[in-house]
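Asker: Can you look at this prediction? I've put the sequence above it.
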Amino acid sequence: MESNLEQKLKTLPELSGCYIYRDKKGAILYIGKSKNLKHRVKSYFTKTQIGKTARLVHHIHDLELIITDSEQEALLLEMTLIMKYQPPYNVMLKDEIQYTYLKITKEANPHLELTKEIKKDGARYFGPYASSYKATETHELLQKIYPLCHCEGKRGRPCFYYQIGMCLGPCVREVTKEEYEAQIQKIEAFFLWQRI
């Protein structure tokens, strides 16, 4: 192991953030995140690794850390950096990992839904959630507190969700854009409050 890397491993902080592994040429090999950088990064070098992880560790020449205020912030940063740099070992080691988002659709009767991908469709996205369970819990809570459209919005009999107070009710009345926007702003405020 290179002495420069050894020195960095001795001074790892017990803080949340992202770590970036580089090869001899300075190219990024892998980007990861942790709520405790010291424990996570050291685990690569103190445990016996096999397969792709062993090959990664063999090629690590340098290490860079980015400290964050929270684990959630580290997750967002990790995703942003991976999308920007496309490190080869992230593709090999993190194949098929997808995070969950909450999405407010852009349509006449917007509704709140869970999704695994962000599209350029004019919708509003919130997240990511590393746990689908937490995303589902948040989705259900927001549907109860700040209901949007929960039905198809076809006029006729009130839907079940309208009857229990979980739908604005375009099935029984005209719901204005202003009403939807007021609910959407409350949902956005909820996510801003969560980050504080």
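Answerer: Looks like it arrived, so ask away.
Asker: quick one: stretch 143-163 to chain centroid distance?
Answerer: Computed by C-alpha atoms, centre = their mean, to the nearest Å, the chain-centroid distance of stretch 143-163 equals 28 Å.
Asker: how about it: buried residues?
Answerer: Across stretch 143-163, burial judged by 16 or more other C-beta atoms under 10 Å covers 143, 146-151, 153, 159, 161-162. From N, CA and C alone the C-beta is placed, and that goes for glycine too.
Asker: Quick check: what element follows the helix-or-strand element of the chain with minimal mean pLDDT along the chain?
Answerer: Within the chain, judged by mean pLDDT, DSSP states H and E, the helix or strand with the poorest mean is helix 88-93; its value is a mean of 74. Going down the chain from helix 88-93, the next helix or strand is strand 100-104, by DSSP states H and E.
Asker: which residues touch that next one?
Answerer: 110-118, 123-129, 131-132, 135, 138-139, 142, 148, 184, 187 (C-beta atoms under 8 Å, 6 or more residues apart in numbering).
Asker: what's the answer for stretch 73-80, then?
Answerer: 16-18, 31-35, 66, 68, 99, 128, 130.
Asker: before we move on, back to that, which of the buried residues of stretch 143-163 has the weakest pLDDT?
Answerer: Across these, no position has a lower pLDDT than residue 153, which has 74.
Asker: tell me the secondary structure for that residue?
Answerer: Secondary structure for residue 153, judged by DSSP: H, G, I helix; E, B strand; the rest coil, is coil.
Asker: Centroid-nearest residue for this structure?
Answerer: residue 128 (2.0 Å; C-alpha atoms, centre = their mean).
Asker: Over to the residue nearest to that one when sequence neighbours are not counted: give its phi and psi.
Answerer: Take residue 128 and drop its neighbours on the chain: the residue closest to it by C-beta to C-beta, 6 or more residues apart in numbering is residue 99, 3.5 Å away. Main-chain torsions, residue 99, degrees, to the nearest 10: phi -100, psi 160.
Asker: Average pLDDT for the longest helix that the chain contains, rounded please.
Answerer: For the chain, the longest helix by residue count, based on DSSP state H, is helix 177-195. Taken as a whole, helix 177-195 has a mean pLDDT of 86.
Asker: list the helices and strands it packs on?
Answerer: When contacts are defined as 3 or more C-beta pairs under 8 Å, 6 or more residues apart in numbering; DSSP states H and E, helix 177-195 sits against strand 124-129, helix 132-145.
Asker: hmm, 7 Å instead?
Answerer: The criterion is 3 or more C-beta pairs under 7 Å, 6 or more residues apart in numbering; DSSP states H and E, and there are no helices or strands that helix 177-195 contacts.
Asker: what separates it from the chain centre, distance-wise?
Answerer: Distance, centroid of helix 177-195 to centroid of chain: 19 Å (C-alpha atoms, centre = their mean).
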